[in-house]
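Participant: What shape does this take:
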Amino acid sequence: IKIVSPHFDIIDFNMGCPAPHVTQQMACSALLQKPDLTRKIFRTMVEATKKPVTVKIRSGVDKPNRWQEISKIAEEEGLSMITLHPRTVKQGYSGKADWKLIKELKKTVSIPVCGNGDIETPEDAKRMLDETRCDFVMIGRAAAKNPFLFRQVNDFLEKGKYTPISSKRKMETFFKYLKYAKKYESIKISNIRMQAMNFSKGCKGGKKLRGDLIPIKDIDELDILMRNFYDEL
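Facilitator: The predicted model follows:
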């Protein structure tokens, strides 16, 4: 906390990741099973920084039965906000996020609540705010497919409309990403390939492109494939 505090506006503790290789180490969402340990972690974090400390949690491990206790602990230990992803760890990203739990959480605690889960469009963001009365929304996976989504959400909330992003613009943004990926060689080709697949969602011919991307193991080969795809848009 002391190392990262000078560089960021808030410190957000991730208790939402459901990945087995993480939870097997009693990290992230596995901590939902350890309220006493979680309390110690929260207290230590708050004491270590003057920056706001926040947390993201899931509703539970096997059942949605942990979020209330952990949320009250977060409030008692001085955290500044709680983000709830209303799926269990067991669910992963399957099924639907139960937004009713976000609404219940907003009634349960006095600190700000951030809603997360199944926000794919600006309309989804507004609907979550309206239905749950949460203070903020958090967007994860959908932003990987559409990095313009945050601007679109803000425009929709402020003006009631937003500008669709063309396939060409999405690809031009992908090439900016690719430039960074080439500069920082530690980025794995599998991650670059995943971003190419994400950016091509909704583009004409995108399904075929994603099939063509699967066997590619070289960044320059991927670059050529993506530029040919761009030229055909």
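Participant: just the strands in the protein please.
Facilitator: For the chain, the strands defined by DSSP state E cover 11-15, 53-60, 81-88, 113-116, 136-138.
Participant: Select, out of the ones you listed, the one closest to K182.
Facilitator: strand 11-15 (28.7 Å; C-beta to C-beta). C-beta coordinates here come from the backbone N, C-alpha and C atoms, glycine included.
Participant: Remind me what that closest one packs against, helices and strands.
Facilitator: helix 35-48, strand 53-60 (3 or more C-beta pairs under 8 Å, 6 or more residues apart in numbering; DSSP states H and E).
Participant: centroid residue for the protein?
Facilitator: G140 (2.4 Å; C-alpha atoms, centre = their mean).
Participant: want to try a markdown table for the helices and strands packed on strand 11-15, with mean neighbour count as columns?
Facilitator: As requested, the helices and strands packed on strand 11-15 are exported to a markdown table (neighbours: other C-beta atoms under 10 Å):
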| stretch | mean neighbour count |
| --- | --- |
| helix 35-48 | 15 |
| strand 53-60 | 24 |
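Participant: residue contacts, K204?
Facilitator: For K204, the contacting residues are S167, L233, by C-beta atoms under 8 Å, 6 or more residues apart in numbering.
Participant: Would you format the helices and strands packed on strand 11-15 as a markdown table with mean pLDDT included?
Facilitator: Shown next, in a markdown table, are the helices and strands packed on strand 11-15 (pLDDT from 0 to 100):
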| stretch | mean pLDDT |
| --- | --- |
| helix 35-48 | 97 |
| strand 53-60 | 98 |
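Participant: Could you check how far the residue nearest to the centre of the chain is from N146?
Facilitator: 12 Å (C-beta to C-beta, to the nearest Å).
Participant: that older thread, which one is the residue nearest to the centre of the chain nearest to, not counting chain neighbours?
Facilitator: In space, G140 comes closest to N116 once its chain neighbours are excluded; the distance is 6.9 Å by C-beta to C-beta, 6 or more residues apart in numbering.
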